[in-house]
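Visitor: model this:
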Amino acid sequence: MEHHPDLEKLQALFPHIREYQKLAAKHGIGDVFQDNGGKLLQTLLILNMEGLGCREGNDCRDADGNEYELKSINILLTSGVSTHHHLNPTILKKYRAVKAWYFSAYRGIELTEMWRVETTALEPWFKAQEKKWRKSGGRDINNPKIPLKFVREVGKLVYSSPAIDDEQATPNRKRKRRYDELMRHLSFPSPRPSPTIKPTLPLSQCSESHCDRPSPQATLAPAVLATRPRPSAQSRPARSRPTMT
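Guide: Below you'll find the model as predicted:
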């Protein structure tokens with residue numbers, strides 16, 4: 001069997017991946033390739049928290065014993081944060097019991113921002129899901145999403161990363177970035193203000209007392225009037241006098 005040429009690159013990288021997994025196992029993550037294990041490790045190290053390692057329980061705990069819920073989202077794929085594939089009042093009770101939630105927004109594998117949202121700020125979303133659950137006759141809700149826009153509105157930004165290389169950016173972001181760079185180097189003259197035209201009355205309503213419309217001769221500069229040639233008698237057309245018969 002002929003292998004792909006990139007297999008050699010993967011084999012060269014694999015010792016580093018093993019070290020990555022050893023670090024994750026130290027923090028209770030058994031597989032960095034499963035259930036967002038690699039992203040979970042990054043979040044735990046940034047927040048300096050202990051991973052609980054329980055699939056159905058809460059995600060992490062701080063030094064004071066407070067527990068938190070961790071969520072992540074790939075903004076290249078979706079705009080809503082996944083929650084639970086069988087959401088019901090029991091899961092909502094667990095969600096309400098934590099001190100706060102942390103939402104990590106990724107662009108591919110690059111962490112761009114992390115938000116802390118107090119549990120009380122999510123109460124409108126909890127109530128909406130309870131209402132939906134009762135309306136459906138008590139059927140579990142399949143993975144309702146929490147909009148990232150809502151997270152940004154009610155949350156507090158606790159981490160943000162520098163700009164990502166163009167290789168990780170989408171084509172639209174690349175074009176916008178090049179356009180912004182071009183506009184910073186271009187300078188356009190500011191448009192001249194339009195002349196203000198003073199409204200005047202129609203000629204039929206104009207009188208000497210209140211009409212301020214200037215005559216055509218008054219609008220010309222004196223120097224122009226002085227240099228303006230006057231028609232001579234020779235250049236004037238001769239008038240033909242009527243003859244009597």
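
Visitor: for D6, see how far away the closest residue in space to V117 that isn't next to it in sequence is.
Guide: Counting by C-beta to C-beta, 6 or more residues apart in numbering, V117 lies nearest to G155, which is 4.1 Å off, once chain neighbours are set aside. Backbone N, C-alpha and C define where each C-beta goes, glycine included. Distance, G155 to D6, by C-beta to C-beta, to the nearest Å: 40 Å.

Visitor: between the two, which one's more packed in?
Guide: Neighbours per residue, other C-beta atoms under 10 Å: of G155 and D6, the larger number sits with G155, 21 against 8.

Visitor: and the more buried one, what does it touch?
Guide: F103, W115, R116, V117, A121 (C-beta atoms under 8 Å, 6 or more residues apart in numbering).

Visitor: one more pass at 6 Å, please.
Guide: Contacts of G155 were listed using C-beta atoms under 6 Å, 6 or more residues apart in numbering, and they are W115, R116, V117.

Visitor: roughly how far does it sit from L148?
Guide: G155 is 10 Å from L148, by C-beta to C-beta.

Visitor: would you list every one of the helices in the protein?
Guide: Applying DSSP state H to the chain gives helices spanning 7-26, 37-47, 89-97, 123-135, 148-154, 171-185, 222-227.

Visitor: need those in CSV with distance to I109, can you?
Guide: Output for the helices of the chain, formatted as CSV (distance: least, C-beta to C-beta, whole Å):
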stretch, distance to I109
helix 7-26, 12
helix 37-47, 8
helix 89-97, 27
helix 123-135, 28
helix 148-154, 17
helix 171-185, 16
helix 222-227, 74
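
Visitor: give me the contact list for stretch 112-128.
Guide: Outside stretch 112-128, the residues touching it (C-beta under 6 Å, 6+ apart) are 92, 98, 100-105, 151, 154-161.

Visitor: what's the neighbour count on the nearest residue to M114 once chain neighbours are set aside?
Guide: In this structure, M114 finds its nearest non-sequential neighbour in Y159, 3.9 Å apart by C-beta to C-beta, 6+ apart. Y159 is flanked by 16 other residues according to other C-beta under 10 Å.

Visitor: could I get the pLDDT score of Y159?
Guide: For Y159, the pLDDT comes out at 95.

Visitor: quick one: residues contacting L87.
Guide: L87 makes contacts with I141, P144, as judged by C-beta under 6 Å, 6+ apart.

Visitor: any figure for the gap between it and E113?
Guide: Using C-beta to C-beta, L87 is found at 25 Å from E113.

Visitor: what bridges to Y102?
Guide: Counting by DSSP bridges, Y102 is bridged to L70, R116.
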